[in-house]
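Enquirer: could you work out the structure for the sequence below:
(one chain, ligands or ions: 1)
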Amino acid sequence: MKIILPSYKIEYLKSGLEILHNIELYGRTCYKSEDMITETSAEKFIKMLIVRGHHSVIEHENMTVRFIIDRGVSHELVRHRLCAFSQESTRYCNYGHVGEITVIKPCFYKEGSREYETWQSACQVSEAAYNRLVEAGGKPEYARSVLPNSLKTEIVVTANLREWRHILTLRTAQAAHPQMREVMIPLLKELTERVAIIFDDIAAVVFPEGVRREA
Ligand SMILES: Cc1cc2nc3c(=O)[nH]c(=O)nc-3n(C[C@H](O)[C@H](O)[C@H](O)COP(=O)(O)OP(=O)(O)OC[C@H]3O[C@@H](n4cnc5c(N)ncnc54)[C@H](O)[C@@H]3O)c2cc1C
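Expert: Below is the predicted model of the structure:
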């Protein structure tokens, strides 16, 4: 059994400058104020949109992120309805072929502790049962019934930036699951560094000490 850490990778996101330029250009259509566009006007304009709740303009830009997380966390993620998802399938992927499953290390159990050992041995029991069911000729889609929530999954998520703002607000909050926060907080940090303004109000709550933005 392989035990790995969760991770994410931004697969698609335009440059911060292009995003700000586009959102300003599309948003100014509402006010027919395109003549006010300057090299530095986008940040103030977009801040105004966010403060006023004129968030539909942000929907013009999208981001795609690949997450490597456990099935429990992925089940929470797919509750967000305004996204496109493509997820590793436990119906079609046969972990019996490699003879082992991969699980995500839980961030809340200290390695070597009694809780960690209990978690690890439960996953091993699941793995052994899965392998036996596959070896007996069972389809992976049947054998998956014994797989743990900790099973590693890959999921690609595409949404517009308004929906990502919503996801990041909910999923970085104290109330969110620790393993969800484990990937969403670094994602929010990276976004704040790469794109000005759009995520700043959310980041201000999560990082009250501030984050450094790329030049
Ligand atoms: C801390 C936490 C605990 C949770 N616990 C549970 C739980 O115990 N059980 C459980 O079942 N779920 C739980 N959830 C999931 C939660 O109920 C939502 O399903 C999930 O967070 C998706 O959020 P959403 O519906 O706001 O957003 P999305 O589906 O991402 O939609 C974005 C926004 O679009 C709008 N929208 C989307 N669809 C509609 C619609 N049909 N009608 C009107 N407006 C719409 C809403 O404004 C919505 O906020 C929990 C979520 C969190 C963050």
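Enquirer: give the buried residues for stretch 74-86.
Expert: By neighbour count with 16 or more other C-beta atoms under 10 Å, stretch 74-86 contains the buried residues Ser74, Leu77, His80, Cys83. No exception for glycine: its C-beta is placed from N, CA and C like everyone else's.
Enquirer: for Cys185, give me its contacts.
Expert: For residue 185 the amino acid is Ile, not Cys. By C-beta atoms under 8 Å, 6 or more residues apart in numbering, the contact list for Ile185 reads Thr172, Val206.
Enquirer: sorry, slip of the keys, the one I care about is Tyr92.
Expert: Pro140, Glu141.
Enquirer: hmm, 6 Å instead?
Expert: Going by C-beta atoms under 6 Å, 6 or more residues apart in numbering, Tyr92 touches no other residue.
Enquirer: and it, helix, strand or coil?
Expert: coil (DSSP: H, G, I helix; E, B strand; the rest coil).
Enquirer: quick revisit: now tabulate the buried residues of stretch 74-86 in CSV and tack on distance to Ala129, pLDDT and secondary structure.
Expert: Shown next, in CSV, are the buried residues of stretch 74-86 (distance: C-beta to C-beta, whole Å; pLDDT from 0 to 100; DSSP: H, G, I helix; E, B strand; the rest coil):
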residue, distance to Ala129, pLDDT, secondary structure
Ser74, 21, 98, helix
Leu77, 26, 98, helix
His80, 32, 98, coil
Cys83, 33, 98, coil
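Enquirer: show me what counts as buried in stretch 13-25.
Expert: Using 16+ other C-beta under 10 Å as the burial criterion, the residues of stretch 13-25 that qualify are Leu13, Gly16, Ile19, Leu20, His21, Ile23, Glu24.
Enquirer: pretty sure Ser86 is touching Val157, no?
Expert: No: judged on C-beta atoms under 6 Å, Ser86 makes no contact with Val157 at a distance of 8.4 Å.
Enquirer: report pLDDT for the nearest residue to Thr192 once chain neighbours are set aside.
Expert: Leaving out its chain neighbours, the residue that sits closest to Thr192 by C-beta to C-beta, 6 or more residues apart in numbering is Ala203, at 4.3 Å. With respect to pLDDT, Ala203 has a value of 97.
Enquirer: what about the ligand: which of the buried residues of stretch 74-86 touch it?
Expert: Restricting the buried residues of stretch 74-86 to those adjacent to the ligand (criterion: C-beta under 6 Å from any ligand atom) gives His80.
Enquirer: out of the buried residues of stretch 74-86, flag the one nearest to Ser126.
Expert: Of all those, Ser74 has the smallest distance to Ser126: 16.9 Å, by C-beta to C-beta.
Enquirer: number of residues surrounding the nearest residue to Ala176 once chain neighbours are set aside?
Expert: In space, and not counting its chain neighbours, Ala176 is closest to Leu170: 6.5 Å by C-beta to C-beta, 6+ apart. Leu170: 16 surrounding residues under other C-beta atoms under 10 Å.
Enquirer: brilliant, that's me finished.
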